[in-house]
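Enquirer: No letters, just coordinates:
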C-alpha cells in the first residue's frame, strides 16, 4: 500500500511540474506580477483554448497531489 501511494504521489508531482512549466507566463517583472495578479483575480482576462485546458489540468493535478500527500502522511509509517 505504501509503495502504491508513493508511486501515485510521484506521478502527480511530476505531472504538476510539467503542466506548470508548459503554461505561458502572464507578464514579466514585479509590476507585471502585481497588475497581472489583479487582472486574474477580478477575471478581466479569460483563458481560451490550450490555456484553459492547462489551467484545468493544473487544478486537477494540484488537488490530486494534495489528497495523495495527505493520504501518504496518514497511511505511511
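Expert: Looks like it came in fine. Here the structure is a predicted model, which means the values were calculated and not measured. Numbers count the residues shown, from 1 in each chain.
Enquirer: Can you tell me which helices and strands the host helix or strand of residue 5 packs against?
Expert: If you go by DSSP states H and E, residue 5 is part of helix 2-22. Other elements packing on helix 2-22 under the criterion 3 or more C-beta pairs under 8 Å, 6 or more residues apart in numbering; DSSP states H and E are helix 50-75. For every residue, glycine as well, the C-beta is placed using N, CA and C.
Enquirer: sorry, back to before: from the chain's centre, how far out does the helix holding residue 5 sit?
Expert: Remark: helix 2-22 is offset 11 Å from the chain centroid, using C-alpha atoms, centre = their mean, to the nearest Å.
Enquirer: could you check the angle helix 50-75 makes with that helix?
Expert: If you take axes from the mean of the first three to the mean of the last three C-alpha atoms, to 10 degrees, helix 2-22 sits at 150 degrees to helix 50-75.
Enquirer: List the contacts of residue 24.
Expert: By C-beta atoms under 8 Å, 6 or more residues apart in numbering, residue 24 lies in contact with residue 51.
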